[in-house]
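Q: Sequence and computational prediction follow.
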Amino acid sequence: MYVAANISRLPPVDVDHIDMSALLRELSLLRAEVQSVGLLRAEMDDMKASMRVLQGQQLSECSTQQTWENRNNDSNSNKSDITTKNGTFASRARDLNHTGMKKRTPSKHVFGSSKTNGHVKSVETIRTVDIFVSRLHPCTTDSELIDSVNSVKGDLKVIDVKCTQLCSKYKDLYSSFHVAVTVNAECFKPAIELFSTAEACPVGVFVKRYFKPRRDGSV
């Protein structure tokens, strides 16, 4: 085992020192996301085709009602009222076929931001920021990582920190951890930006987002 007394004299890290397993995992995740987008697009095409079939059936039913109205103009007053209603629906369907249906205005959702109204309280929603930390000293412990998170969090409210050591390719040279930082939902995005910056990590430590593998073993 060799130890450098002066770290500044060490050569910089180049392409040969990249963690290829982590890079391949990122590529696998990207490929899975592209496949899921393709499946969603196919499902949307099927839904559009079904909508066209339903619209065609509705228009044919409306035209049938219009024909029945024309054949029963001499019926009694009650039947005439029903025929009039059917005729109104049929004409409305024809107008919609030419002009199209108006798009509904989506309803707006509002989230409270008042700091003075303390009569009611919302449910506390939490999110977990998963961070992958590698190229650590082989003797690194969970408590050291927790202390590191607490030292860089600043004003960010951290609810819990859990560290899980991962299996490294070269256990005697470095160690890798999965650090799960639990925060409030409104602090999720700032927490990701905070713990993923270079200023939050010591020199030489590798940090990125951690994606948990699926239950079937794929990523």
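A: The structure has been received and is ready for your questions.
Q: Now the element after the helix or strand bottoming out on mean pLDDT in the chain, going C-ward?
A: In the chain, no helix or strand scores lower on mean pLDDT, DSSP states H and E than helix 77-99, which sits at a mean of 60. Next in sequence after helix 77-99, counting helices and strands by DSSP states H and E, comes strand 126-136.
Q: tell me which strands and helices that next one is in contact with?
A: Identification of packing neighbours for strand 126-136 by 3 or more CB pairs under 8 Å, 6 or more residues apart in numbering; DSSP states H and E yields strand 175-184, helix 188-195, strand 206-209. Where C-beta positions appear, they are placed from N, C-alpha and C, glycine not excepted.
Q: wait, which of those is closest to T116?
A: strand 175-184 (19.9 Å; CB to CB).
Q: Now do that closest one: everything it contacts.
A: Around strand 175-184, the neighbours that count as contacts under CB atoms under 8 Å, 6 or more residues apart in numbering are 124-140, 142, 145, 149, 156-168, 191, 195, 210.
Q: Just the buried ones from these, in ChimeraX syntax?
A: Buried members of the contacts of strand 175-184 can be picked out in ChimeraX with the line below, counting by 16 or more other CB atoms under 10 Å:
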select :127,129,131,132,133,134,135,136,140,145,149,158,161,163,168,191,195,210
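Q: And the chain, what are its domain boundaries?
A: Annotated domains of the chain cover 34-99, 126-209 [automatic domain parsing].
Q: per-residue confidence averaged over the one helix or strand C62 maps to?
A: For C62, the element it lies in under DSSP H and E is helix 20-71. For helix 20-71, mean pLDDT is 80.
Q: and that helix, what does it pack onto?
A: Partner elements for helix 20-71 (3+ CB pairs under 8 Å, 6+ apart): helix 77-99.
Q: on that earlier part again, tell me which of the domains of the chain sits most buried.
A: domain 126-209 (a mean of 15; mean count of other CB atoms under 10 Å).
Q: Check the gap between the nearest residue to I126 once chain neighbours are set aside and V129 for me.
A: In space, and not counting its chain neighbours, I126 is closest to T182: 5.5 Å by CB to CB, 6 or more residues apart in numbering. For T182, the distance to V129 equals 8 Å [CB to CB, to the nearest Å].
Q: What of A5?
A: Distance from A5 to V129, counting by CB to CB: 36 Å.
Q: And I146, by the same measure?
A: For I146, the distance to V129 equals 14 Å [CB to CB].
Q: Same check on E61?
A: According to CB to CB, E61 stands 54 Å off from V129.
Q: what's the answer for M20, then?
A: Here M20 is placed at a distance of 25 Å from V129 (CB to CB).
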